[in-house]
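Student: Sequence below, structure please.
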Amino acid sequence: MIVVAIDTSAAASVALVDGERLIADRTEFAARRHVEFVGPALAEVLAEGRAEGLVPDAVVVGIGPGPFTGLRAGIAAGIGAALGIGVPVHGVVSHDALALRALADTAATGAATPSTSAATTVTIATDARRREVYATTYSGLDDAGLPVPASGPAALFPADLAECRPARRVGRGFALYRDVLGDPEDEDPNALDPTAAWLARLAHRALSSGRALRGTEPLYLREPDAKPSARRETLLS
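Tutor: Numbering: from 1, shown residues only. Okay, the predicted model is just below:
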């Protein structure tokens with residue numbers, strides 16, 4: 001299955017996969033202007049796919065958790081792309097992409113078996129700003145190779161997450177608050193923020209095995225930092 005994915009829950013990332021094979025990828029980890037990045041990146045990724053005769057069967061967007069403005073940029077771009085191509089659009093929890101990367105690496109190296117829960121249980125923590133993290137814990141991979149959520153996602157203070165004593169620590173939240181939470185197990189930027197490449201691989205696994213994916217409703221988990229005025233709310237409604 002050919003899948004194009006967009007994630008703007010933290011970094012700005014666009015990727016195209018054919019099955020598990022990565023065809024094209026554009027990621028900006030320091031991105032703050034997601035809207036300006038996603039449009040050109042999406043055009044480049046789709047062009048690389050067309051050069052190989054590949055047309056997406058589906059579009060996938062990361063639905064968070066993440067900040068209000070960033071999430072909206074990626075989701076809107078994904079919906080527009082799906083309409084233009086004429087394919088369905090699906091949502092995937094962005095933390096699932098980081099969990100798949102960590103757990104797939106573990107499975108590939110043989111470092112864990114289903115009975116070794118410490119190795120197959122991973123906690124993802126990403127930057128929620130306001131001195132908080134977004135956290136989700138996964139209990140391993142299911143028979144389709146998809147991460148199994150055990151708790152979350154939730155917006156937590158680092159001290160509250162520390163009380164849970166995560167067995168495996170993955171994501172930028174651990175890097176930002178390492179004095180409280182401990183170091184992340186991998187400092188590679190691709191292991192700190194969700195990326196579209198792993199989002200697309202996850203969607204391929206799910207859709208190929210007949211699993212239903214989510215809709216495109218974003219996971220904000222809390223109100224946006226800047227709320228529109230009453231007049232602006234009226235204009236937008």
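Student: what does the domain assignment say about this protein?
Tutor: Listed by automatic domain parsing, the domain ranges of the chain are 2-94+193-208, 110-191.
Student: Output those domains in CSV; the columns should cover mean pLDDT.
Tutor: What follows is the domains of the chain, written out as CSV (pLDDT from 0 to 100):
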stretch, mean pLDDT
domain 2-94+193-208, 96
domain 110-191, 89
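Student: Specify the stretch among the ones you listed that is closest to residue 214.
Tutor: domain 2-94+193-208 (4.0 Å; C-beta to C-beta). Yep, even glycine has a C-beta here, placed from its N, CA and C like the rest.
Student: and residue 72, which of the three is it?
Tutor: With DSSP: H, G, I helix; E, B strand; the rest coil as the basis, residue 72 sits in helix.
Student: Hmm, it is touching residue 216, no?
Tutor: No - here residue 72 does not reach residue 216: they are 10.5 Å apart, not a contact under C-beta atoms under 8 Å.
Student: ok, those two, which is more surrounded?
Tutor: Set side by side, residue 72 and residue 216 show more neighbours around residue 216, with 20 against 17, by other C-beta atoms under 10 Å.
Student: What does that one show for phi and psi?
Tutor: Dihedral pair for residue 216: phi -100, psi 10, per degrees, to the nearest 10.
Student: Identify the residues contacting residue 122.
Tutor: For residue 122, the contact set (C-beta atoms under 8 Å, 6 or more residues apart in numbering) comprises 99, 102-103, 137-138, 166-168, 170.
Student: quick one, helices of the protein?
Tutor: Here the chain has its helices, by DSSP state H, at 34-51, 68-85, 94-109, 117-120, 158-162, 172-176, 178-181, 189-192, 196-208, 230-236.
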